[in-house]
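Enquirer: quick check, what structure comes out for this input:
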Amino acid sequence: MKFPIFGRPQDPAPVEKGLWSRGFGIVATRSLQTLAVLALVAVGVLVITQLSLVFIPVTIALILACAIHPLVSLMRRRGVPSILATWIALIGILVILGGVIWVIVLTVRNQWDDLVESATDGISQVTAWLGTLPFDVEAIDLDDVWASAQHFLTSSSFGQGALAGVSATASFFTGLVLMIVVLFFFLKDGPRIWEFLLRPFSGESYARARRIGDKSVDVFGNYVRGTSIVAAADAVGIGVGLAILQIPLALPLAVIVFLTAFIPLVGATAAGILAALVALVTHGPVTALIVVGIVVLVNQLEGNFLQPVVMARSLKLHALVILLALTAGTILGGIVGAVLSVPLAAAAWGIITVWDGPNTPARPFRQKRDESVQPSTRERVEQ
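Expert: Down below sits the predicted model:
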């Protein structure tokens, strides 16, 4: 059947592509989008740094609440009233932390004189050893050191530093009180607070927000509990070694090992260096080398056996990502930033993994091909 020429449908006219939809236009569009995202991130970081006195205590309270939530839920299921379960958990944490601080202070006070005497003898031995070297080493003039110290104590810099220290101490206790109060309300009304924040969402957005909340709670809780187990194992192993060698302040050093273990990769190394320095000034270089060996052995056992089992579910991050997160956190927030950066990075990755479903990551982060490293042709032939 033939159609008349006037009734035949005409071919659509070719559409002229705009300047922004081809070539450098696409690059420019993506660049503008990237700059907008970076500007938003920069504003967020600026707000966080300016409100660090609020952000840091609230974040610490959130992470601790995620770790303690299973205990509070268990007490509630056993019939304990909600408010009573909250007070038991909160007071228990404060009692444990207060007991640890009291033991550290008591131990340091009891062993301080012995430590100073041992350190003085150790410095004298090091000075005498330096005198036996084949080349001249300039001796330390204690009178000059004391004069410099007196000059610093009477200078304006010391006064300014003292005022800054008082301000930092006041900020610390303010943040501590805020953290305790926020932690109490998170333990008591955490699920209700989260549901209140989800009121603007509905449908798929609400389901996604619920997945994000549940995943963040799991990551934070598993991270704190897993890191606590690993840190306790490190502290016990190194503390027992220091006690056997009769190193002064073995218990405080073990507590420092426990605390620094919450900074992955570098925390254990820093604690080992401190323990080795104490051993060096009190018992000499041989004992210090033995302490270094104990620290290395404990870290190897923890890294190869304990950590893969305990931390496998909570910290699925590459070592490079952890290192970059630690660096960024340290630059932005110092020691506290280094402690918080890794769990925040782990939570961010956990959110990405449940963005489109319980087991469906966000589309750009889904695995689309075999990512294993394939051997080259020569290596396959040789194999």
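
Enquirer: which SSE is the residue nearest the centre of the chain in?
Expert: When the chain is reduced to its mean C-alpha position, the nearest residue by C-alpha atoms, centre = their mean turns out to be Val339, at 2.8 Å. In this structure, Val339 is located in helix 319-353 according to DSSP states H and E.

Enquirer: identify each buried residue in that helix, please.
Expert: By neighbour count with 16 or more other C-beta atoms under 10 Å, helix 319-353 contains the buried residues 322, 325-326, 329-330, 332-333, 336-347, 349-353. Just so you know, the C-beta spots here come from the backbone N, C-alpha and C atoms, and that holds for glycine as well.

Enquirer: buried ones in stretch 192-199, by neighbour count?
Expert: Of the residues in stretch 192-199, those buried by neighbour count under the rule 16+ other C-beta under 10 Å are Trp194.

Enquirer: before we move on, back to that, show me how far the helix holding Val339 is from its chain's centre.
Expert: Shown here is helix 319-353, whose average C-alpha point lies 6 Å from the average C-alpha point of the whole chain (C-alpha atoms, centre = their mean, to the nearest Å).

Enquirer: stretch 356-364 too?
Expert: With C-alpha atoms, centre = their mean, you get 26 Å for stretch 356-364.

Enquirer: endpoints of that stretch, how far apart?
Expert: Start-to-end span of stretch 356-364 (C-alpha to C-alpha, to the nearest Å) is 11 Å.

Enquirer: which residues in the stretch 101-250 of the chain form helices?
Expert: Read by DSSP state H, counting those that start in this stretch, the stretch 101-250 of the chain holds these helices, from start to end of the chain: 142-153, 156-197, 204-244, 250-260.

Enquirer: among the ones you listed, show me which one is buried the most.
Expert: Highest mean neighbour count of the helices of the stretch 101-250 of the chain: helix 250-260, a mean of 21 (counted as mean count of other C-beta atoms under 10 Å).

Enquirer: next, the angle from it to helix 319-353.
Expert: Between helix 250-260 and helix 319-353, the angle formed by their directions is 50 degrees, by axes from the mean of the first three to the mean of the last three C-alpha atoms, to 10 degrees.

Enquirer: so what touches helix 250-260?
Expert: Contact partners of helix 250-260, identified using C-beta atoms under 8 Å, 6 or more residues apart in numbering, comprise 100, 103-104, 107-108, 231-232, 234-236, 238-239, 242-243, 247, 267-268, 270-272, 274-275, 278.

Enquirer: let's see it at 7 Å
Expert: 100, 103-104, 107-108, 231-232, 234-235, 238-239, 242-243, 267-268, 270-271, 274-275, 278 (C-beta atoms under 7 Å, 6 or more residues apart in numbering).

Enquirer: show me what secondary structure element comes after it.
Expert: helix 267-283.

Enquirer: let's see that following helix as PDB, backbone CA atoms only.
Expert: Output of helix 267-283 as PDB, limited to C-alpha atoms (Å, rounded to 0.1, in the frame of the first residue of the first chain):
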ATOM      1  CA  GLY A 267      48.600   4.600  68.300                       C
ATOM      2  CA  ALA A 268      50.400   1.400  69.300                       C
ATOM      3  CA  THR A 269      53.700   2.700  67.900                       C
ATOM      4  CA  ALA A 270      53.500   5.900  69.900                       C
ATOM      5  CA  ALA A 271      52.700   4.000  73.100                       C
ATOM      6  CA  GLY A 272      55.600   1.600  72.400                       C
ATOM      7  CA  ILE A 273      58.000   4.500  72.000                       C
ATOM      8  CA  LEU A 274      56.900   6.000  75.300                       C
ATOM      9  CA  ALA A 275      57.300   2.700  77.100                       C
ATOM     10  CA  ALA A 276      60.800   2.200  75.600                       C
ATOM     11  CA  LEU A 277      61.800   5.800  76.600                       C
ATOM     12  CA  VAL A 278      60.800   5.100  80.200                       C
ATOM     13  CA  ALA A 279      62.700   1.800  80.200                       C
ATOM     14  CA  LEU A 280      65.700   3.600  78.600                       C
ATOM     15  CA  VAL A 281      66.000   6.200  81.400                       C
ATOM     16  CA  THR A 282      65.300   3.800  84.200                       C
ATOM     17  CA  HIS A 283      66.900   0.500  83.200                       C
END
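
Enquirer: rewinding a little: pull the contacting residues for the residue nearest to the centre of the chain.
Expert: Residues in contact with Val339 (C-beta under 7 Å, 6+ apart) are Phe262, Ile263.

Enquirer: now it: how far from Ile56?
Expert: 10 Å (C-beta to C-beta, to the nearest Å).

Enquirer: before we move on, the earlier item: report the angle between the axes of the helix holding Val339 and helix 267-283?
Expert: Orientation note: helix 319-353 sits at an angle of 140 degrees relative to helix 267-283 (the same axes, to 10 degrees).

Enquirer: orientation of helix 319-353 relative to helix 204-244 in degrees?
Expert: 150 degrees.

Enquirer: sweet, I'm off.
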